[in-house]
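Chemist: Sequence first, predicted coordinates after that:
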Amino acid sequence: MTETTHTAPAKVPRAAASPGTAPAPDGSRRGGRVLRRLTPWLFLAVPLALLVTFTYVPVGNMIYYSFTDWDGVSPDRHFTGVDNYEQIFTRPELFRVFFVSFYYLAASAVQIVIALYFATVLSFDLRFRNLFKGILFFPYLINGVAIGFVFLYFFQDGGTLDSVLSWFGAGSDHAWLGDPESANTSLAGVSVWRFTGLNFVLFLGAIQSIPAELYEAAQLDGASRWQQFRHIIAPSIRPVLSLSVILAVSGSLSVFEIPYIMTGGATGTTTFVIQTVKLAFQFNKTGLASAAAVVLLLIILLITWIQRRLVPDEKVDLV
Amino acid sequence: MTSPLPARRRIGPALTYLSLIVASLVVLVPLVVVFLTSLKTSEEVADGGALSLPDDWLNFGNYVTAFNDGKMLSAFVNTTVILLFSITGTVLIGSMTAYAIDRFRFRAKKPVMALFLIATLVPGVTTQVATFQVVNSFGLFNTIWAPILLYMGTDIVSIYIFLQFIRGIPVSLDEAARLDGANSLTIYWKIILPLLKPAIATVVIIKGITVYNDFYIPFLYMPSEDLGTISTALFRFKGPFGAHWENISAGTILVIVPTLVVFLFLQRYIYNGFAQGATK
């Protein structure tokens, strides 16, 4: 008990009292010091080992494979220079997958606008507010395979969509997943359905962290809802908005689950990741697939970099 | 209600509610239709329209078929095991990393932090071709350990969440314990970890939902049928059940229900968790 009264060092500035530098209370012996040096590494060994094994080693290997003709199995691989990269950019059937991303990019824009609208609306007092919140967010939590099946049924010939459309007298016999144009639009629609909720919750959180007095003052000044949105809400959610944009762009490039589950990449719905998976694991073209993955990685890094330049992150306080 | 509002003032809110109702219908109708289908017999599915109601509201036969023939029991068991290991691992690894980085001063601190930071920029889907070779070389392909290790090893979001929280814990607590003769491990285990409970809850929720719903990793790393998770087991419904939408629907609902239950009980924490997880 007497020792607890000695907690005076709590007032010592943190840096000085930090265990790495402060002498041990019992007068430091050499063994103790070595042990103390090692302590942080004791905690970091496993995390770092996993990080290096499952992130850095793969990235390094991937770059190396991308310059070879390796099939992923055989012991010998040949160095082929930039041949794989040349193929990606010159073979139209390989390059085409980039255009599919535009459907998802457009969908992301729609999704962000919808999410922003509902986040604004639901940040004001409304009846059944929590119910609406729950309904809008829930799709984000649903299993991707389950969503795939729900919408396979939805888009079926004479399925949910056709039935609903026929109520309104609209033509109701359309093979929604049958031709590339409507198939990609339909799939992009599913991704709006699935991800709007996440954006919505992010925006809602940002809007609710705005102090209430700001609105009260604005209302006293006679500001309309639109003016409140324009001058109070929009500026204060900018960081989250830019985060959503970056997530949307990299997400649009790396779409996999929904099209793979629903169409298997048929009728022109193959995305970049579907193609990479097929190249690597069905056609055993590990070299080519690696090059494709490197291209995707570089594009995403480039976009992240541009975003960081355009919207400086206010709180980089990690170190 | 007594003083009639001017027309403009009433149209605004009415339109707002209308938009909310339309959005809710867009979310709910596809799900409700699948639920209705799961209760129909195969004749009803073949004859009636998608929006027709089932004759017998208590027809759970499709669920039994889906559960048994779809190997859902082993899928739920596998998913649970993966969840337990990967969540425990993520919590321990994330909190240990955060503790080491926040509470110690050592020369390599900045480089270590940079390693974790840069890794956030590498999206997992892009590196799987090469990650696959690493997993394979450990002989972990087609074992339950492949997804567990991958989920544990690549979760940087949780490290950030723990870092934010650990900063809020006064260092004087550590020092008091140290004076009482506690070593770093004891401090971490007896003081830091218990105080991190709110952060742990957040991480468990986010990680749990991510792992439960993930398709990509089990699909690539555990193709064997006995090792199905709920995602891959459900995906296999496409084959044997073909166009048997009543069974596929039942399987789909079986997978969604646990999520719905968790969501209803933990709503508030889930919203907060995702807001925290994404912004940090």
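Modeler: Everything's here; your move. Residues are numbered from 1 along each chain as shown, chains lettered A, B, ... in the order given.

Chemist: use CA for all of it now, contacts and neighbours both
Modeler: Will do.

Chemist: I'd like the distance from the lengthiest helix in chain A to the chain centre, please.
Modeler: With DSSP state H setting the assignment, residue counts place helix A:180-208 as the longest helix in chain A. Mean-position distance between helix A:180-208 and its chain equals 12 Å (C-alpha atoms, centre = their mean, to the nearest Å).

Chemist: Chain neighbours aside, what residue packs nearest to B:Ala130?
Modeler: Closest residue to B:Ala130 apart from its sequence neighbours, by C-alpha to C-alpha, 6 or more residues apart in numbering or on different chains: A:Pro58 at 4.8 Å.

Chemist: so the one you found makes contact with B:Thr131?
Modeler: Yes. If you go by C-alpha atoms under 8 Å, A:Pro58 and B:Thr131 touch, sitting 5.0 Å apart.

Chemist: what's the burial count for residue 263?
Modeler: Using chain A here. A count of nearby residues for A:Thr263, using other C-alpha atoms under 10 Å in any protein chain shown, gives 19.

Chemist: if you could check chain B rather than the one you did, that'd help
Modeler: 20.

Chemist: Checking residue 223 next. Helix, strand or coil?
Modeler: Went with chain A since none was named. Here A:Ala223 is recorded as coil under DSSP: H, G, I helix; E, B strand; the rest coil.

Chemist: if you could check chain B rather than the one you did, that'd help
Modeler: coil.

Chemist: how close does it get to B:Asp180?
Modeler: Going from B:Pro223 to B:Asp180 by C-alpha to C-alpha, to the nearest Å gives 53 Å.

Chemist: Spatially central, which residue of chain A would that be?
Modeler: Residue closest to the average C-alpha location in chain A (C-alpha atoms, centre = their mean): A:Leu247, at 4.5 Å.

Chemist: Count the neighbours of the residue of the stretch 101-250 of chain A found nearest chain B for me.
Modeler: Using C-alpha to the nearest C-alpha, the closest approach of the stretch 101-250 of chain A to chain B is made by A:Asn143 at 4.5 Å. The burial count assigned to A:Asn143 is 24, neighbours taken as other C-alpha under 10 Å.

Chemist: ditto for A:Ser182
Modeler: Neighbours of A:Ser182 using other C-alpha under 10 Å come to 15.

Chemist: pLDDT score for the residue lying closest to it once chain neighbours are set aside?
Modeler: Distances taken as C-alpha to C-alpha, 6+ apart put A:Trp176 closest to A:Ser182, at 5.7 Å, once the chain neighbours are dropped. For A:Trp176, the pLDDT comes out at 79.

Chemist: what do you get for A:Val295?
Modeler: Predicted confidence (pLDDT) for A:Val295: 90.

Chemist: Distance-wise, check it relative to B:Leu53.
Modeler: 50 Å.

Chemist: Any stretches of the chain with poor pLDDT?
Modeler: All of this refers to chain A. Residue ranges of chain A with pLDDT under 70: A:1-31, A:170-173, A:311-319.

Chemist: wrong one, chain B
Modeler: B:1-10, B:154, B:241, B:277-280.

Chemist: Can you tell me the centre-most residue of it?
Modeler: Chain B has B:Ile209 as the residue nearest its centroid, 1.2 Å off, counting by C-alpha atoms, centre = their mean.

Chemist: what helix or strand does that one sit in?
Modeler: Assigned by DSSP states H and E, B:Ile209 falls within helix B:197-213.

Chemist: now the helices for the stretch 201-319 of chain A?
Modeler: With DSSP state H, counting those that start in this stretch as the criterion, the stretch 201-319 of chain A has helices at A:212-220, A:225-228, A:234-236, A:238-253, A:257-262, A:272-281, A:286-310.

Chemist: How about the stretch 151-280 of chain B?
Modeler: Assigned by DSSP H, counting those that start in this stretch, the helices in the stretch 151-280 of chain B fall at B:156-167, B:171-179, B:184-186, B:193-195, B:197-213, B:216-221, B:230-235, B:245-279.

Chemist: Convert the C-alpha atoms of stretch A:193-210 to PDB, please.
Modeler: C-alpha atoms of stretch A:193-210 as PDB (Å, rounded to 0.1, in the frame of the first residue of the first chain):
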ATOM      1  CA  TRP A 193     -28.200  -1.200 -53.200                       C
ATOM      2  CA  ARG A 194     -25.400  -2.800 -51.200                       C
ATOM      3  CA  PHE A 195     -23.100   0.000 -50.400                       C
ATOM      4  CA  THR A 196     -25.200   3.100 -50.100                       C
ATOM      5  CA  GLY A 197     -25.800   2.300 -46.400                       C
ATOM      6  CA  LEU A 198     -22.100   2.500 -45.600                       C
ATOM      7  CA  ASN A 199     -21.700   5.900 -47.100                       C
ATOM      8  CA  PHE A 200     -24.900   7.000 -45.500                       C
ATOM      9  CA  VAL A 201     -23.700   6.000 -42.000                       C
ATOM     10  CA  LEU A 202     -20.300   7.700 -42.500                       C
ATOM     11  CA  PHE A 203     -22.000  10.900 -43.600                       C
ATOM     12  CA  LEU A 204     -24.600  10.700 -40.800                       C
ATOM     13  CA  GLY A 205     -21.800  10.400 -38.200                       C
ATOM     14  CA  ALA A 206     -20.000  13.400 -39.700                       C
ATOM     15  CA  ILE A 207     -23.200  15.500 -39.800                       C
ATOM     16  CA  GLN A 208     -24.100  14.600 -36.200                       C
ATOM     17  CA  SER A 209     -20.700  15.700 -34.900                       C
ATOM     18  CA  ILE A 210     -21.500  19.200 -36.000                       C
END
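
Chemist: Now do the buried residues in that stretch.
Modeler: A:193-207 (16 or more other C-alpha atoms under 10 Å in any protein chain shown).

Chemist: With adjacent residues omitted, what lies nearest to B:Ala275?
Modeler: Distance criterion C-alpha to C-alpha, 6+ apart; nearest residue to B:Ala275, sequence neighbours excluded, is A:Leu202 at 5.2 Å.

Chemist: my guess is that neighbour meets A:Pro239, correct?
Modeler: No. With contact defined as C-alpha under 8 Å, A:Leu202 does not reach A:Pro239; the gap is 10.6 Å.

Chemist: Identify the residue nearest residue 248 in space, chain neighbours excluded?
Modeler: You didn't say which chain, so I picked chain A. A:Ser108 (5.7 Å).

Chemist: my bad, chain B
Modeler: B:Phe237 (6.3 Å).

Chemist: Distance-wise, check that neighbour relative to A:Thr271.
Modeler: Distance, B:Phe237 to A:Thr271, using C-alpha to C-alpha: 23 Å.

Chemist: Likewise for A:Val34?
Modeler: Noted for A:Val34: a distance of 53 Å to A:Thr271, by C-alpha to C-alpha.

Chemist: And those two? Which one has more around it.
Modeler: A:Thr271 (23 against 10).

Chemist: Could you find the closest non-adjacent residue to that one?
Modeler: A:Val97 (5.1 Å).

Chemist: who touches the one you found in this structure?
Modeler: By C-alpha atoms under 8 Å, 6 or more residues apart in numbering or on different chains, the contact set of A:Val97 is A:Thr270, A:Thr271, A:Phe272, A:Gln275.

Chemist: Now with 10 Å, please.
Modeler: Shown in contact with A:Val97 (C-alpha atoms under 10 Å, 6 or more residues apart in numbering or on different chains): A:Leu253, A:Gly268, A:Thr269, A:Thr270, A:Thr271, A:Phe272, A:Val273, A:Ile274, A:Gln275.

Chemist: From what I see, the first one and A:Ser108 are in contact.
Modeler: Read it as A:Leu253. No. In this structure, A:Leu253 is not within contact of A:Ser108 by C-alpha atoms under 10 Å, at 11.1 Å.

Chemist: So for the two, which residues contact both of them?
Modeler: By C-alpha under 10 Å, 6+ apart, A:Leu253 and A:Ser108 have these common neighbours: A:Phe102.

Chemist: which one of the two has more residues nearby?
Modeler: A:Ser108 (26 against 23).

Chemist: Which is the succeeding secondary structure element to the helix or strand where that one lies?
Modeler: Assigning secondary structure by DSSP H and E places A:Ser108 in helix A:97-123. Heading C-terminal from helix A:97-123, the first helix or strand you meet, by DSSP H and E, is helix A:129-137.
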